[in-house]
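**Q** Build me a structure from this.
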Amino acid sequence: MPSPSESRRAKSSRRAGEFPPAPEPLAVPVFDSHTHLDLTVSEAGVPGDGTGDPIESLIAAAAKSGVDRLVQVGVDAASSAWGADLADRHESVLAAVALHPNEAPRLSDLDAALREIEALAARPRVRGIGETGMDTFRTGDEGRAAQERSFRAHIAIAKQYGKALIIHDRDAHEDVLRVLDSEGAPDTVVLHCFSGDAEFAAECVRRGYYLSFAGTVTFASASALREAAAITPPEQMMVETDAPYLTPTPYRGRPNASYLIPLTVRALAEARRIDVDELCATISANGERVFGTWR
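**A** Numbers count the residues shown, from 1 in each chain. Predicted structure coming up:
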């Protein structure tokens, strides 16, 4: 996802009322491994007539499409705390908490923010530490040291509390692996919005990591990503929206939400040459292994 401050300024293309129509629901329920319900509401509103509680509306729309569980992902201390509170109130939501890698270099007191994340990590319905990682696309050389220090701290938190590490990796494949090797990876690692080619996918699979694919796998230009999906064992595959971003084809450019997961799942099943229902069942089981039970 874009950095939090950038995303809050980039609202011109995401206005309420532009959500795509709901796809055919999935027969076998699956979960969204990475969504930002707070940003979806603030940047795009809600699908439908916009009445009622907006968060509940998004969760209900997802359930109607066969997406019955969500992982709400934090990008800073405030959004992480909000997500943890939501997970406490809602049985279909679990939370992940972290400082986004592009946010870490902007903080005046990184250590204080990391302490807030560590405190949230102890909460029982916080099941992931993320999104954290490395991003050499939006963070320049002057911010790399702080970004890497934040990433290493998040790895330590994930290991301390036994939570899944959810990695944001943009143009930083080698750096991500270098830091994981240096620190020692937690037992469970998820590559959020996997963006590598088949070679990088094979390396991640060999290490036992989970690869979570977003709507980008449906883009016409993403043949390398589909090749990566084709060699990823279903037992190490997950699916996500990164909503409100990365809306799958044919609705690219419009707001994304968890109810659109069926479009991405079907593209993954085609790339992997596997039955959609079978893939959904496997992905759902993967979620239980990675995050535990929702209810």
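
**Q** In contact with residue 73: list those residues for me.
**A** Residues in contact with residue 73 (CB atoms under 8 Å, 6 or more residues apart in numbering) are 34-36, 83, 95-96, 98, 128, 130-131, 166, 192. Backbone N, C-alpha and C define where each C-beta goes, glycine included.

**Q** what's the answer for residue 196, then?
**A** 169, 173, 204, 228.

**Q** Go through those residues and say which is closest to residue 135.
**A** Taking CB to CB as the measure, residue 135 lies nearest residue 169 of the contacts of residue 196, at 7.6 Å.

**Q** Turn the contacts of residue 73 into TSV, including neighbour count, distance to residue 45 and secondary structure.
**A** Formatted as TSV, those follow (neighbours: other CB atoms under 10 Å; distance: CB to CB, whole Å; DSSP: H, G, I helix; E, B strand; the rest coil):
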residue	neighbour count	distance to residue 45	secondary structure
34	29	20	strand
35	29	15	strand
36	25	14	coil
83	28	19	helix
95	28	22	strand
96	31	24	strand
98	35	26	coil
128	29	26	strand
130	28	26	strand
131	28	23	strand
166	33	26	strand
192	29	24	strand
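
**Q** tell me which of those residues is nearest to residue 63?
**A** Nearest to residue 63 among those, with distances taken as CB to CB, is residue 35, at 13.2 Å.

**Q** Quick check: bridge partners of that closest one?
**A** For residue 35, the beta-bridge assignment (DSSP bridges) gives partners residue 72.

**Q** That one and residue 116: what is the separation?
**A** For residue 35, the distance to residue 116 equals 22 Å [CB to CB, to the nearest Å].

**Q** quick one, helices of this structure?
**A** Secondary structure of the chain, counting by DSSP state H: helices at 4-9, 37-44, 54-64, 77-89, 110-121, 141-161, 173-183, 198-206, 223-230, 261-272, 276-291.

**Q** The residue nearest to residue 41 when sequence neighbours are not counted: neighbour count?
**A** Spatial nearest neighbour of residue 41, chain neighbours left out: residue 54 (4.5 Å); criterion: CB to CB, 6 or more residues apart in numbering. Residues within reach of residue 54, counting by other CB atoms under 10 Å, total 19.

**Q** so residue 54 makes contact with residue 43?
**A** No - assessed by CB atoms under 8 Å, residue 54 is found out of contact with residue 43, at 11.6 Å.

**Q** need the contact list for residue 263.
**A** Counted by CB under 8 Å, 6+ apart, residue 263 has contacts 23, 215, 218, 248-249, 251.

**Q** What is the nearest of those residues to residue 269?
**A** Out of the contacts of residue 263, the member with the shortest distance to residue 269 (by CB to CB) is residue 218, at 11.8 Å.
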